[in-house]
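Student: model the structure of this input:
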Amino acid sequence: MMVNCPKCGFSQPKDRYCASCGVDMVAFRPAQKPLMTRLLQNTSVQIVALVGAIVVLGIYINAQNNRAALAQRSAELAASTSPSSTSDELPSSPNDRYQQEADEARAAANAYAEKQAALTEARLAENDRVSSQSANFASTAGEETTSSSSQPAGSNAASASVAANPSPSASPSQASPQAAAGATAGAGATTAEAPRSIQIYFVEIPRAAAADLFAQAKQAGGDGVMNFGVISDAQGKLSTVRGLRRIEVAGDYQIRLNQPAIAFKGTHDLQTNQNIGFTIQAVPVATEDGSVRFQIDVNRILKDPSAGLESFNFMLPESFVIPKKGAALFSGALPHRPLFEGEAPAYRNSNVLRVMTSGPFRQGATDVAIVIEAK
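Tutor: Sure, this is the predicted structure:
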């Protein structure tokens with residue numbers, strides 16, 4: 001069964017970790033889009049903004065129409081109540097009754113015009129106040145949205161990093177009591193300095209020499225084919241092993257509690273368009289008196305005779321306690337078996353996988369081992 005990586009989209013056989021980017025596909029959660037982007041893409045926000053714009057435009061157009069109507073009405077009233085107009089409409093009779101009626105009509109017209117003008121001005125002032133409040137509200141909302149979306153990038157990145165890379169077997173709340181206990185003990189007595197970084201690399205080692213190292217190692221175990229253990233003074237002991245060959249380094253990583261160090265070493269298989277090789281994840285979960293406790297997972301993908309891929313997860317203990325200058329050693333990383341037709345060319349571009357074509361390895365004299373050294 002093939003699955004796609006939720007982070008990089010890489011297609012591979014079903015497994016917990018992506019063979020391309022190494023991410024934990026089960027626990028991976030994509031980073032949330034910025035607030036401003038989500039607001040701009042939200043249909044409800046777009047509709048509200050559109051309706052608000054239409055309302056403001058309607059208020060503005062209505063205000064303009066009211067102003068124009070008021071000006072026209074005022075002009076008409078002024079023309080109808082002017083002396084020249086009155087003299088034309090009223091008979092030029094010396095009768096006081098006609099003059100009184102004309103004066104009353106003029107006064108009534110002026111009063112009505114003043115009342116309508118006052119009402120129109122009040123309505124326009126209210127419209128202007130509503131428009132101003134709407135503009136202020138939109139401006140305030142925009143500023144709050146901008147301030148929310150411009151929070152410090154460092155804190156967001158840190159939160160996204162913790163959320164995207166959870167510890168496979170231990171949560172921060174589980175690791176914290178152990179770290180706190182170590183800190184409390186250190187307050188009353190001088191403790192050894194804990195390692196600050198790790199280096200992951202591959203070696204080709206004579207099988208007899210590997211057996212001697214495991215005989216002296218702590219947390220030693222295995223099935224005779226794939227063996228493991230923790231050795232002290234890794235550089236000193238490995239430097240004395242005759243015939244040991246350092247193949248290549250997978251990576252150097254700072255130790256941060258509950259932040260996994262993920263390394264991949266291998267090559268890209270053109271036939272299947274997939275990555276083949278090793279994916280190694282080391283998660284520091286606690287510090288213990290000059291040592292760091294790690295949860296370690298190793299996955300290996302090789303070609304198989306059916307022109308497909310073979311995925312294998314190493315069976316390892318729940319955790320390894322590695323002291324400063326010590327190392328976790330895993331031998332038997334590559335299987336001792338004949339290569340099928342077309343397999344050797346697929347490993348040509350990988351220093352680690354190419355060991356399967358070397359004479360000493362094919363004769364069973366050497367093993368490929370993974371070393372996770374604390375510094």
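Student: any chance you could map the helices in the stretch 151-300 of the chain?
Tutor: Secondary structure of the stretch 151-300 of the chain (DSSP state H, counting those that start in this stretch): helices at 153-164, 172-188, 207-216, 234-239.
Student: mean confidence (pLDDT) on the second one, please.
Tutor: Helix 172-188 shows a mean pLDDT of 45 in the predicted model.
Student: low-confidence regions, the stretch 251-375 of the chain specifically.
Tutor: Within the stretch 251-375 of the chain, not a single segment meets pLDDT under 70.
Student: mind listing what the longest strand anywhere in the chain pairs with, with the direction of each?
Tutor: Using DSSP state E, we find that the single longest strand of the chain is strand 274-288. Strand 274-288 has the following sheet partners, assigned by DSSP bridges: strand 261-269 (antiparallel), strand 291-303 (antiparallel).
Student: give the buried residues for the longest one.
Tutor: Neighbour counts over strand 291-303 (16 or more other Cβ atoms under 10 Å) mark 291-303 as buried. Quick note: C-beta positions are derived from backbone N, CA and C, even for glycine.
Student: the first one too?
Tutor: Judged by neighbour count using 16+ other Cβ under 10 Å, the buried positions of strand 261-269 are 261-267, 269.
Student: tell me how far the residue nearest to Met315 when sequence neighbours are not counted lies from Arg300.
Tutor: Distances taken as Cβ to Cβ, 6 or more residues apart in numbering place Met226 nearest to Met315, at 7.5 Å, with adjacent residues excluded. For Met226, the distance to Arg300 equals 10 Å [Cβ to Cβ, to the nearest Å].
Student: now for the two: what residues contact both?
Tutor: 314, 333 (Cβ atoms under 8 Å, 6 or more residues apart in numbering).
Student: count residues in the vicinity of Ala282, would you?
Tutor: 23 (other Cβ atoms under 10 Å).
Student: wait, isn't it in contact with Arg256?
Tutor: No - at 11.5 Å, Ala282 does not count as touching Arg256 under the criterion of Cβ atoms under 8 Å.
Student: give the full set of residues in contact with the closest residue in space to Ala374 that isn't next to it in sequence.
Tutor: Nearest in space to Ala374, with sequence neighbours left out and distances taken as Cβ to Cβ, 6+ apart, is Pro195 at 3.6 Å. By Cβ under 8 Å, 6+ apart, the residues touching Pro195 are 255, 291-292, 322-325, 374-375.
Student: in the helix or strand hosting Gly52, what's buried?
Tutor: Here Gly52, judged by DSSP states H and E, is contained in helix 43-80. Across helix 43-80, burial judged by 16+ other Cβ under 10 Å covers 59, 63, 70, 77.
Student: how near is the second one to Val51?
Tutor: Yep, that's Ala63 we're talking about. 19 Å.
Student: picking that back up, quick check, nearest of the buried residues of helix 43-80 to Gly221?
Tutor: Ile59 (78.8 Å; Cβ to Cβ).
Student: please parse this structure into its domains.
Tutor: 38-149, 171-374 (automatic domain parsing).
Student: closest one to Gln12 among the ones you listed?
Tutor: domain 171-374 (5.6 Å).
Student: any idea how far the closest one is from the chain center?
Tutor: Centroid separation for domain 171-374 versus its chain: 28 Å, with Cα atoms, centre = their mean, to the nearest Å.
Student: coming back round to it: save the domains of the chain as TSV, and put in distance to Cys5 too.
Tutor: Below are those laid out as TSV (distance: least, Cβ to Cβ, whole Å):
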stretch	distance to Cys5
domain 38-149	24
domain 171-374	11
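Student: which of the ones you listed sits most buried?
Tutor: domain 171-374 (a mean of 17; mean count of other Cβ atoms under 10 Å).
Student: picking that back up, the contacts of Pro195 in strands, which ones?
Tutor: Per DSSP E, the contacts of Pro195 map to strands at 291-292, 322-323, 374.
Student: surely Met226 is in contact with Phe312?
Tutor: No - counting by Cβ under 8 Å, Met226 does not reach Phe312; the two are 9.4 Å apart.
Student: shared neighbours of these two, anything?
Tutor: With Cβ under 8 Å, 6+ apart, Met226 and Phe312 have no common neighbours.
Student: dump the strands paired with strand 274-288 to JSON lines, plus distance to Gly9.
Tutor: Formatted as JSON lines, the strands paired with strand 274-288 follow (distance: least, Cβ to Cβ, whole Å):
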{"stretch": "strand 261-269", "distance to Gly9": "15"}
{"stretch": "strand 291-303", "distance to Gly9": "17"}
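Student: now the ones in strands among the contacts of Pro195 in TSV, with distance to Asp15?
Tutor: Output for the ones in strands among the contacts of Pro195, formatted as TSV (distance: Cβ to Cβ, whole Å):
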residue	distance to Asp15
Ser291	30
Val292	26
Ile322	26
Pro323	32
Ala374	27
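Student: so which of those is the closest to Thr43?
Tutor: Distances from Thr43 to the ones in strands among the contacts of Pro195, taken by Cβ to Cβ, are shortest for Val292, at 49.4 Å.
Student: you'd agree that closest one is up against Arg256?
Tutor: No - counting by Cβ under 8 Å, Val292 does not reach Arg256; the two are 10.6 Å apart.
Student: joint contacts of those two?
Tutor: With Cβ under 8 Å, 6+ apart, Val292 and Arg256 have common neighbours Pro284.
Student: tell me where the stretch 1-150 of the chain has helices.
Tutor: Using DSSP H, counting those that start in this stretch, helices in the stretch 1-150 of the chain cover 35-41, 43-80, 83-89, 96-149.
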